[in-house]
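Engineer: Have a look at this prediction, sequence included:
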Protein chains: 2
Amino acid sequence: MASIKDVAAEAGVSVATVSRVLNDHPSVSADARTRVQAAVESLGYRPNAVARSLRTDQTHTLGLVISDVLNPYFTELARSVEEEARALGYSVIIGNADERPDLQDHHVRNLLDRRIDGLLVSPTDGGSPLMLDAARAGTPMVFVDRWIPGVDVPVVRADGRAAVRDLVAHLYALGHRRVAIIAGPAATTTGRERVEVFREALQEHGLDLPEAYTGQGDFQVESGRRVTEGFLDLAEPPEVVFAADNLMALGALDAVRARGLRVPDDIALAAFDDIRWFVHTDPPVTAIAQPTGELGRAAVRALVDRIEGRPGESVTLPARLVVRRSCGESPSPVQRSTT
Amino acid sequence: MASIKDVAAEAGVSVATVSRVLNDHPSVSADARTRVQAAVESLGYRPNAVARSLRTDQTHTLGLVISDVLNPYFTELARSVEEEARALGYSVIIGNADERPDLQDHHVRNLLDRRIDGLLVSPTDGGSPLMLDAARAGTPMVFVDRWIPGVDVPVVRADGRAAVRDLVAHLYALGHRRVAIIAGPAATTTGRERVEVFREALQEHGLDLPEAYTGQGDFQVESGRRVTEGFLDLAEPPEVVFAADNLMALGALDAVRARGLRVPDDIALAAFDDIRWFVHTDPPVTAIAQPTGELGRAAVRALVDRIEGRPGESVTLPARLVVRRSCGESPSPVQRSTT
DNA sequence: CTGAAAGCGCTTACAG
DNA sequence: CTGAAAGCGCTTACAG
């Protein structure tokens, strides 16, 4: 592959001049510029980004460590992150933690070794030493969706409080009283918060969230299935199950279907995170929708701000309830989705 | 961030010795080794992968350019690629072309500039000059899923011929005679092939695939919706629609639903590419399943073979039909899915 | 406007 | 077993 030396030789100038032309430095004669451009063209020269990074100490690359690419929520997040980053002149390297702290650390380490300019992470756990060290060492960092309390890093996330309250009101209005949740890992903020907020909202209606109706999931399909089976095995199963993410809702659907039962007649279902397929499931699933694309873009902007020396602030955007049919037919027409 | 010099100073050895320890070179005294390890530990030193890459001319990185990350098929492919690559000691950088040739070129260029060791691509079009040049220039390359004819690069893909034939037999057995397809872009191999194979299979049953029943899609949701609307507007709409990928099937579902019609009673539906959600859609969708994970892994193995100087062969794996209820109830129990 | 030279952080023949 | 030195491909003060 042609190097800058080859271009210099071909153009009859020094490598310094070639470099200046490549970087649009103003003090280059028109003549030199055209000769260099011609040489670049004829050799099919492309600057070596590795060498450039070593020299400038910038990679123009962002690392994104997400908990699970197969989760459509994170896929969409990753996509919006890449789009916004590209618009700002950055590439992004994605690391998929698959909800495993060890894999998360693997990717963080790999990304740090590659000297990415900044790190966007949706932590799978409460923060490994590696991650905490990186934050303390001053690596530009932003948390997205999930975060680690006590670490001085901007957080870009959705606030689901109002939407969860709307959901509970909806469930209550439909007559449901025995309500269960499939929670995410307690080591994650979203895993904890969704349960807490849900419980608080239930209390406002005088409802309880008993131990037996609090299942521990891990945000992945299998756990949703397992927990739902447990609920169905109870002497008095819940009337509704709220899955703290869309994959566990899929697992719940699997479990219900496997027993030949129907949603919402036998058991109702709602999910955190809305996805396109929920419109076409049987029945369409009531869900809490996050402004995913906007979260991804805001996170990138905050991170790039940090990288380029600007403040880089936390952002919280509201989530909203999208009512469909999986909790039963609404007697009054509340916020019925039009999609 | 500590560099190799800092480690050398701390350990009281030369940087060469530090490098040897880091790379498990045999000729290092036990004493030097322990001192270096201690220094690495106490400084929290991590080798700079950028510098190492510049020096060794290897990045241990694979580039993966896929047509659309939001397509669950490609998400799963990307995931299996990353897994296998990691197992073989490589990282992967994903570029999402979003079915746009210009974006595809952007990513290919970016990856080449970063000097990735090899490129895995599922081309969005018939091959840009950039891609063809890269292949000719000897960049280790492998095509997955889609490929570019006439380019000497291994291809790892699924053969859907038998599955499509099974599908047509299934449709025929159910009494369907007016059959339509939502095709993918003619510039892609999969876009072309799926139509051809489908047409051939229909002919074997004495059925025709008229122009009016051949809609041009682009593998994305909106095109599936648009084409399906066109079909429904015909004086004599088709009895079945076969979507050449899962996203266009989703668009078809949207279109059918928007008119208040039902699958399969008003119009039947089948799709290429099976995804988990198809089990829970209303109705469950009959689909052709590719061995996606295996394709991703085989593609990585072929690419790494090429990178490391071994042959690196093409692989073709069979796809299979998964019958569900979206084409109507089967009178005879053929290959009913158990999932 | 231009070039020679230093240096980014590594690895690796080469000599000892 | 070890170190001094060259060199990977760039960028950028510095001097002219």
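Structural biologist: Now that the structure is in, tell me what you want to look at.

Engineer: Low-confidence ranges, chain A, go.
Structural biologist: Applying pLDDT under 70 to chain A flags residues A:330-339.

Engineer: How is it partitioned into domains?
Structural biologist: A:4-47, A:59-157+A:292-316, A:159-290 (automatic domain parsing).

Engineer: can you tell me which residues contact the closest residue to DNA strand D within chain A?
Structural biologist: Going by CB to the nearest atom of the strand, DNA strand D is nearest to residue A:4 of chain A, at 2.7 Å. Where you see a C-beta, it was placed from the backbone N, CA and C, and this is true even at glycine. By CB atoms under 8 Å, 6 or more residues apart in numbering or on different chains, residue A:4 lies in contact with A:15, A:18-19, A:22, A:45, A:47.

Engineer: try 7 Å
Structural biologist: By CB atoms under 7 Å, 6 or more residues apart in numbering or on different chains, the contact list for residue A:4 reads A:15, A:18-19.

Engineer: one step back: looking at the domains of chain A, which is closest to DNA strand C?
Structural biologist: domain A:4-47 (3.1 Å).

Engineer: Quick check, central residue of chain A?
Structural biologist: residue A:74 (4.2 Å; CA atoms, centre = their mean).

Engineer: what ranges do the helices span in the stretch 1-150 of chain A?
Structural biologist: A:4-11, A:15-22, A:30-43, A:49-56, A:72-87, A:101-113, A:129-136 (DSSP state H, counting those that start in this stretch).

Engineer: Could you tell me the phi and psi values at residue A:302?
Structural biologist: Phi and psi for residue A:302, reported as degrees, to the nearest 10, are phi -60, psi -40.

Engineer: ranking the helices of the stretch 1-150 of chain A by burial, who's on top?
Structural biologist: helix A:72-87 (a mean of 22; mean count of other CB atoms under 10 Å in any protein chain shown).

Engineer: now for that one, which elements pack on it?
Structural biologist: Counting contacts by 3 or more CB pairs under 7 Å, 6 or more residues apart in numbering or on different chains; DSSP states H and E, helix A:72-87 packs against strand A:61-66, strand A:91-96, helix A:292-307.

Engineer: what would these look like in TSV with mean neighbour count and distance to chain B?
Structural biologist: Putting the helices and strands packed on helix A:72-87 into TSV (neighbours: other CB atoms under 10 Å in any protein chain shown; distance: least, CB to the nearest CB, whole Å) gives the following:
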stretch	mean neighbour count	distance to chain B
strand A:61-66	26	8
strand A:91-96	24	5
helix A:292-307	23	11
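
Engineer: how about TSV for these, with distance to residue B:284 added?
Structural biologist: Shown next, in TSV, are the helices and strands packed on helix A:72-87 (distance: least, CB to CB, whole Å):
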stretch	distance to residue B:284
strand A:61-66	29
strand A:91-96	28
helix A:292-307	27
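
Engineer: And these: which comes nearest residue B:152?
Structural biologist: Residue B:152 sits nearest to strand A:91-96 of all the helices and strands packed on helix A:72-87, at 28.7 Å, using CB to CB.

Engineer: what lines up beside the closest one in the sheet?
Structural biologist: Paired with strand A:91-96 in the same sheet, following DSSP bridges, are strand A:61-66 (parallel).

Engineer: And for stretch A:266-285, what's in contact with it?
Structural biologist: Outside of stretch A:266-285, the residues within contact range by CB under 7 Å, 6+ apart are A:72-73, A:160, A:167, A:176, A:194, A:237, A:239-246, A:249, A:252-253, A:256, A:261, A:263-264, A:286-290, A:322, A:324-328, A:339, B:250, B:253, B:277, B:280-282.

Engineer: In helices, which of the residues you listed appear?
Structural biologist: A:72-73, A:167, A:194, A:246, A:249, A:252-253, A:256, B:250, B:253 (DSSP state H).

Engineer: Which of those residues has the largest number of neighbours?
Structural biologist: residue A:252 (34 neighbours; other CB atoms under 10 Å in any protein chain shown).

Engineer: So for that residue, what's the nearest residue that isn't a sequence neighbour?
Structural biologist: Leaving out its chain neighbours, the residue that sits closest to residue A:252 by CB to CB, 6 or more residues apart in numbering or on different chains is residue A:228, at 4.2 Å.

Engineer: got it, and residue A:212?
Structural biologist: Residue A:212 sits nearest to residue A:234 (CB to CB, 6+ apart), 6.2 Å away.

Engineer: Over to residue A:36?
Structural biologist: Counting by CB to CB, 6+ apart, the residue nearest residue A:36 is residue A:21, at 4.2 Å.

Engineer: wait, isn't the one you found in contact with residue A:34?
Structural biologist: No: using CB atoms under 7 Å as the test, residue A:21 is too far from residue A:34 to be in contact (9.2 Å).

Engineer: Pretty sure residue A:229 sits in a strand.
Structural biologist: No: Residue A:229: not assigned to a strand; according to DSSP: H, G, I helix; E, B strand; the rest coil it is helix.

Engineer: Of the contacts of stretch A:266-285, just the buried ones, PyMOL syntax please.
Structural biologist: In PyMOL, this line selects whichever of those come out buried by 16 or more other CB atoms under 10 Å in any protein chain shown:
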select buried, (chain A and resi 72+73+160+167+176+194+237+239+240+241+242+243+244+245+246+249+252+253+256+263+264+286+287+288+289+290+322+324+325+326+327+328) or (chain B and resi 250+253+277+280+281+282)
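
Engineer: mind listing which of the contacts of stretch A:266-285 are in strands?
Structural biologist: Among those, the residues falling in strands (DSSP state E) are A:240-243, A:286-289, A:322.

Engineer: Would you convert those residues into CSV that also reports distance to DNA strand D?
Structural biologist: Putting the ones in strands among the contacts of stretch A:266-285 into CSV (distance: CB to the nearest atom of the strand, whole Å) gives the following:
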residue, distance to DNA strand D
A:240, 59
A:241, 56
A:242, 53
A:243, 50
A:286, 53
A:287, 48
A:288, 47
A:289, 44
A:322, 48
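
Engineer: still on that earlier bit, help me confirm that the residue nearest to the centre of chain A comes into contact with residue A:64.
Structural biologist: No: using CB under 7 Å, residue A:74 makes no contact with residue A:64, being 9.4 Å away.

Engineer: The residue lying closest to residue A:184 once chain neighbours are set aside: neighbour count?
Structural biologist: Closest residue in space to residue A:184, ignoring its immediate chain neighbours: residue A:191 at 3.1 Å, by CB to CB, 6+ apart. Residue A:191 has 21 neighbouring residues, counting by other CB under 10 Å.

Engineer: Quick check: which element contains residue A:191?
Structural biologist: Element membership of residue A:191, judged by DSSP states H and E, is helix A:189-204.

Engineer: Following the chain onward from that helix, which element is next?
Structural biologist: Following helix A:189-204 in sequence, per DSSP H and E, is strand A:214-216.

Engineer: Can you mark which positions in that next one are buried?
Structural biologist: A:215-216.

Engineer: same deal with stretch A:182-200?
Structural biologist: For stretch A:182-200, burial by neighbour count (16+ other CB under 10 Å) applies to A:182-185, A:187-195, A:197-199.

Engineer: can you check stretch A:140-149 too?
Structural biologist: A:140-148.

Engineer: was I right about residue A:104 contacting residue A:64?
Structural biologist: No: between residue A:104 and residue A:64 there is no contact, the gap being 11.8 Å when judged by CB under 7 Å.

Engineer: Tell me who's in contact with the closest residue to residue A:197 other than its chain neighbours.
Structural biologist: Distances taken as CB to CB, 6+ apart place residue A:164 nearest to residue A:197, at 4.7 Å, with adjacent residues excluded. Shown in contact with residue A:164 (CB under 7 Å, 6+ apart): A:197-198, A:201, A:288.
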